[in-house]
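Enquirer: Here you go, sequence then predicted model.
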Amino acid sequence: MDNIKQILLVENKYVRSLYPFSILHSAWELRCGAFRIFEKLQHIFRNSKIIYYGRNLHLQSFLARFNQYDNSPKKANTLILFPSILPLKSYFDELRAKYDDYCQETGEKNKSVVFVHKGQPVSAYLSEDDIINPIEFDLQFLPKLLTEYSHLIKNIEISEPKILNFLWDAIEFNSEAIIDDSNFFKFNPEYFELETKGVHFLNKESIFIGDGCKISPGVVLDASEGPIIIGNSVRILPNSVILGPCFIGNNCIIKAGAKIYEHNSFGEFCKIGGEIENSIIQSYSNKQHEGFLGHSFLCEWVNLGADTNTSDLKNTYGNIKVMIEDEEFDTGRMFLGLLCGDHTKSAINTAFTTGTIAGIAGILVSNGFLPRYIPSFSWGGENKSSIYKISKAIEVAKIVMARRGKNLLPEEEKLMTLEYESTHNKYFRK
């Protein structure tokens, strides 16, 4: 299993549970730690080709947005994975160890196997000798190896992996992922001369700073409880306090006086301010003003207005239940704030109650707490709010993205339109 040349990521049928992220994104795009799932796999398996299998329109959108031009399989030793499994080093170490034990016990080498936990398939290794031809048949057959055909080859039991079934799972495992991901970043001693210019470092050996960063006087970077990873061209304004574990992606801006507590990840091109803890911001989103964001997940192109606040703890200290469309889920968590879809914006002084889920392209204004479930394209966010016209939503999305040098691709526009049609028929038809 040391000669893996191909990774196949297979989106499973439960991907809708990642709502609202799943509306516009494939499951392997989910950020947990310093990387999206597929990016972490690119770092772990640097000499392997990654191919993808999932919902067709979402797949085409992903391939276009990330310039993945070749998605055809080849005849090669292949590791088949669900992107819902958090790709920690310990997970792949166990796969290799269990496979090596199997080879020693049987005297076999390079045999195909399925890795299972309590009988449920979670990953598979397929020897190139068992791949018939790298043609369309294989791309149809290989994904089903983990669902329909796992009984046909040897099963090897492994311990329970970390699984990202819901967005709150990514929030829960984010700290562990940041620590694991820190192994891919280099210590950059040149930045620590900033101590003489009023920047304060605690446990500097666990602070990783990329190229071209600007860190102002009065900033405190405290890695006492876990690493702080700062990407390239990040700007941190005066008197910000950042506690690890924390990841700050390329080209982010941390506003003056920001209070960033533990367990946060911010993807590229985000503007961050106010008070934040235990949250993930996928990329290209702004939470730059005063206000509290806790135990939350923001997708892309989200903008939270000044003094937007999230509640992440019930007064009863009980488990938080959420509504995903028409189905209620008990999260099993005491803490959960806002799960917010792409292109949604909140007005100033907006208040989100505990465990709120908002779809894409909403314009949210609160007079008190908004409902726990806010459908996509809601103009206002209340139960009787009107729908945000799709033509206007797309027009605004194009303007916002152009400011970051991005275009709204036809595939993305089609996905937004499909969500609009579904939402209109279900929630807004009079």
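Expert: Arrived safely, thanks for sending. Numbering: from 1, shown residues only.
Enquirer: Tell me the confidence at the nearest residue to Asp222 once chain neighbours are set aside?
Expert: The spatially closest residue to Asp222, leaving aside those adjacent along the chain, is Leu202, at 4.3 Å (CB to CB, 6 or more residues apart in numbering). For the C-beta atoms, the positions are set from N, CA and C on the backbone; glycine is no exception. Model confidence at Leu202, given as pLDDT, is 96.
Enquirer: So Leu202 sits against Leu221, correct?
Expert: Yes: in this structure, Leu202 sits in contact with Leu221. The criterion is CB atoms under 8 Å, and the distance is 7.0 Å.
Enquirer: ok, the two, which is more surrounded?
Expert: Using other CB atoms under 10 Å as the criterion, Leu202 and Leu221 rank with Leu221 on top: 26 against 15.
Enquirer: Who is the more buried one paired with across the strands?
Expert: Leu221 has these beta-bridge partners by DSSP bridges: Phe201, Ile242.
Enquirer: That one reaches Ser206, doesn't it?
Expert: No: counting by CB under 8 Å, no contact exists between Leu221 and Ser206, whose distance comes to 9.7 Å.
Enquirer: Overlap in contacts, these two.
Expert: Common neighbours of Leu221 and Ser206, using CB atoms under 8 Å, 6 or more residues apart in numbering, are 228, 244.
Enquirer: Next secondary structure element downstream of the lowest-mean-pLDDT helix or strand in the chain?
Expert: Least confident element among the helices and strands of the chain, by mean pLDDT, DSSP states H and E: helix 136-141 (a mean of 64). Beyond helix 136-141 in the direction of the C-terminus, DSSP states H and E gives the next helix or strand as strand 154-157.
Enquirer: For that following strand, which strands pair with it and how are they oriented?
Expert: Neighbouring strands of strand 154-157 in its sheet, by DSSP bridges, are strand 113-117 (parallel).
Enquirer: any residues touching the partner strand, and which ones?
Expert: For strand 113-117, with CB under 8 Å, 6+ apart as the criterion, the contacting residues are 95, 98-99, 102, 121-125, 145-146, 150, 153-161.
Enquirer: Do a quick rundown of the helices in the stretch 301-430 of the chain.
Expert: Along the stretch 301-430 of the chain, counting by DSSP state H, counting those that start in this stretch, helices occupy 390-402, 410-423.
Enquirer: Tell me which of those is the most buried.
Expert: With neighbours defined as mean count of other CB atoms under 10 Å, the helices of the stretch 301-430 of the chain peak in mean count at helix 410-423, which reaches a mean of 18.
Enquirer: name the helices or strands packed onto that helix?
Expert: If contacts are counted by 3 or more CB pairs under 8 Å, 6 or more residues apart in numbering; DSSP states H and E, helix 410-423 sits against helix 56-65, helix 390-402.
Enquirer: Which one, of those helices, ends up nearest to Lys40?
Expert: Set against Lys40 and scored by CB to CB, the helices and strands packed on helix 410-423 come closest in helix 56-65, at 15.6 Å.
Enquirer: Now do the buried residues in the closest one.
Expert: Within helix 56-65, the residues that qualify as buried are 58-63, 65, counting by 16 or more other CB atoms under 10 Å.
Enquirer: Mind giving me the packing neighbours of that helix?
Expert: strand 49-53, helix 410-423.
Enquirer: quick one: average pLDDT of stretch 99-107?
Expert: Rounded mean pLDDT across stretch 99-107 is 92.
Enquirer: quick one: the helices in the stretch 101-250 of the chain?
Expert: Along the stretch 101-250 of the chain, counting by DSSP H, counting those that start in this stretch, helices occupy 136-141, 167-181.
Enquirer: Same list, the ones you listed, but as CSV with distance to Asp307 please.
Expert: Below are those laid out as CSV (distance: least, CB to CB, whole Å):
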stretch, distance to Asp307
helix 136-141, 50
helix 167-181, 23
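Enquirer: Out of those helices, which gets the lowest mean score?
Expert: helix 136-141 (a mean of 64).
Enquirer: if I look at Phe428, how far off is Met416?
Expert: As judged by CB to CB, to the nearest Å, Phe428 and Met416 stand 15 Å apart.
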